[in-house]
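Asker: Sequence and predicted model, in that order:
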Amino acid sequence: MNLDLITYLSNFIMVFSILYVMRMGIKFISSLLSTPPKPLVLESRELLILSLVTSYIITFIINLL
């Protein structure tokens, strides 16, 4: 029971992590393709969350292997 809950939460966080990375990727592409191209400005909170999410995804993949 307890292991199922941990697996469920881990997968749940992984899905939201992937969605956040996709959102930031779309934000990057839209700023790159705008006329004229404008720099991607990230607040410190967004940068922190992106760093945590990226490290979580890498850790999740390593644990799968």
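Answerer: Cool, got the structure.

Asker: Roughly how far does the residue nearest to Met24 when sequence neighbours are not counted sit from Val41?
Answerer: Excluding its sequence neighbours, the residue lying closest to Met24 (Cβ to Cβ, 6 or more residues apart in numbering) is Leu50, at 5.8 Å. The C-beta positions use only the backbone N, C-alpha and C, and glycine is treated the same way. Distance, Leu50 to Val41, by Cβ to Cβ, to the nearest Å: 13 Å.

Asker: Also Met14?
Answerer: Distance from Met14 to Val41, by Cβ to Cβ: 27 Å.

Asker: Was I right to think the residue nearest to Met24 contacts Leu40?
Answerer: No - Leu50 lies out of contact with Leu40 (Cβ atoms under 8 Å); the separation is 11.0 Å.

Asker: ok, back up a step: using the three-state scheme, assign the residue nearest to Met24.
Answerer: helix (DSSP: H, G, I helix; E, B strand; the rest coil).
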